[in-house]
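Colleague: Quick one: sequence and predicted model below, then my questions.
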Amino acid sequence: MRHLKRTAKLGRTGTHRNAMLNNMVCSLIKHKRVTTTLAKAKAARSVAEKMVTLGKSGTIHDRRLAASRLHQEDAVKILFNEIAPSQKDRRGGYTRIVKLNQRQGDAAQLAILEWVDVPAGGAAAPEAKPEAETKAAEAKA
């Protein structure tokens with residue numbers, strides 16, 4: 001019987017599913033926002049929130065546990081130095097899922113998985129810098 005076994009299988013083996021979710025959480029940590037299917041976003045949300053809970057305590061043991069799950073040291077550093085301190089006063093619910101349209105090819109429901117209190121600096125920040133630099137260069141000329 002499958003009582004109390006709520007894991008979303010996602011059509012993959014256990015090791016493939018864990019590797020995919022770990023990579024998705026690493027991408028979420030690095031880019032602050034991930035666009036994926038709704039089922040994968042719901043599955044990755046639990047992994048991401050457990051990693052933030054580890055990051056909030058900040059001990060070396062928790063850092064090693066996060067590194068063993070994520071397998072990317074740069075993602076672990078961002079998690080413990082930027083994301084976890086910004087979520088320090090929250091008691092849970094560190095991520096949000098925003099539903100999007102359906103994908104053209106297979107009509108899968110798309111969604112955005114993002115942090116609640118962390119500002120998304122992925123697309124807006126690089127565009128703002130070149131404009132400021134070009135205005136400064138024009139003022140000098």
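Modeller: Now that the structure is in, tell me what you want to look at. Values in this document were obtained by computation on a predicted structure and should not be read as measured data.
Colleague: In this structure, where is pLDDT below threshold?
Modeller: By pLDDT under 70, the low-scoring segments of the chain are 121-141.
Colleague: where along it do the strands fall?
Modeller: With DSSP state E as the criterion, the chain has strands at 33-37, 95-102, 109-115.
Colleague: Would you mark the buried spots in the last one?
Modeller: By that I understand strand 109-115. In terms of neighbour count (16 or more other C-beta atoms under 10 Å), strand 109-115 has its buried residues at 110, 111, 113, 114, 115. Glycine gets a C-beta too; all of them are placed from N, C-alpha and C.
Colleague: try the shortest one
Modeller: By neighbour count, with 16+ other C-beta under 10 Å as the criterion, the buried positions of strand 33-37 are 33, 34, 36, 37.
Colleague: bridging residues for the first one?
Modeller: Beta-bridge pairing for residue 33 (DSSP bridges): residue 114.
Colleague: okay, the buried residues of strand 109-115 in TSV with distance to residue 5 next?
Modeller: Shown next, in TSV, are the buried residues of strand 109-115 (distance: C-beta to C-beta, whole Å):
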residue	distance to residue 5
110	27
111	24
113	23
114	28
115	29
